[in-house]
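1. Make a model of this:
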Amino acid sequence: MPVLKERALIIFEEDVENAELLKSLKARMVVQMLPPHRYDGLLSVDKSLKFEGKELLTGERMRFEIPLSSIVDLHLGFDETFVGKDSKGKKYQLNPVRIRYRHGDDIVTMYAFMEYKGLFRSNSGEECYKILAKIVNV
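-> The predicted structure follows:
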């Protein structure tokens, strides 16, 4: 049984750094009042971190699994890459859970907005961060 199972809106660091892609993603989200993300689905944590969902622009199904032992850093909030401001300079109200993990020789950075509720502009990021921090011990 999963320790954690939440809807998650996910964007990777490489997506944030790609200005054209980010512009396309943001254009699709204005109407939906969602934070910038590329993937929408279900994130669960048991013996590994698993995501199942779809890619926003193509609608293709996406699935990946991250061994908990490969997670090297957890952080609640934005950072120097994903600054958390819209094009008008207004700060996003919600903080993502930043997960950095080892994939081969690379370190991959993923930002997840957990159990996002657009109308109420709330999420369960802080609670999920605390659960992950206890499990991963980083």
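
2. For the closest residue to Glu55 other than its chain neighbours, list each beta-bridge partner.
-> Distances taken as C-beta to C-beta, 6 or more residues apart in numbering place Met62 nearest to Glu55, at 5.3 Å, with adjacent residues excluded. Heads up, the C-betas are built off the backbone N, CA and C, glycines and all. Beta bridges link Met62 to Gly53, judged by DSSP bridges.

3. quick one, what contacts Met62?
-> Applying C-beta atoms under 8 Å, 6 or more residues apart in numbering to Met62 gives the contacts 39, 41, 51-55.

4. One more pass at 7 Å, please.
-> Neighbouring residues of Met62 by C-beta atoms under 7 Å, 6 or more residues apart in numbering: 39, 41, 53-55.

5. Most widely separated two among these?
-> Gly41 and Glu55 (9.5 Å; C-beta to C-beta).

6. My guess is Asp15 contacts Leu21. True?
-> Yes: Asp15 lies in contact with Leu21 (C-beta atoms under 7 Å); the separation is 5.7 Å.

7. of those two, who's got more company?
-> Ranked by neighbour count (other C-beta atoms under 10 Å), Asp15 and Leu21 place Asp15 first, with 18 against 15.

8. So that one: helix, strand or coil?
-> Three-state call for Asp15 (DSSP: H, G, I helix; E, B strand; the rest coil): helix.

9. Spatially central residue for this protein, please.
-> The chain has Ala112 as the residue nearest its centroid, 1.6 Å off, counting by C-alpha atoms, centre = their mean.
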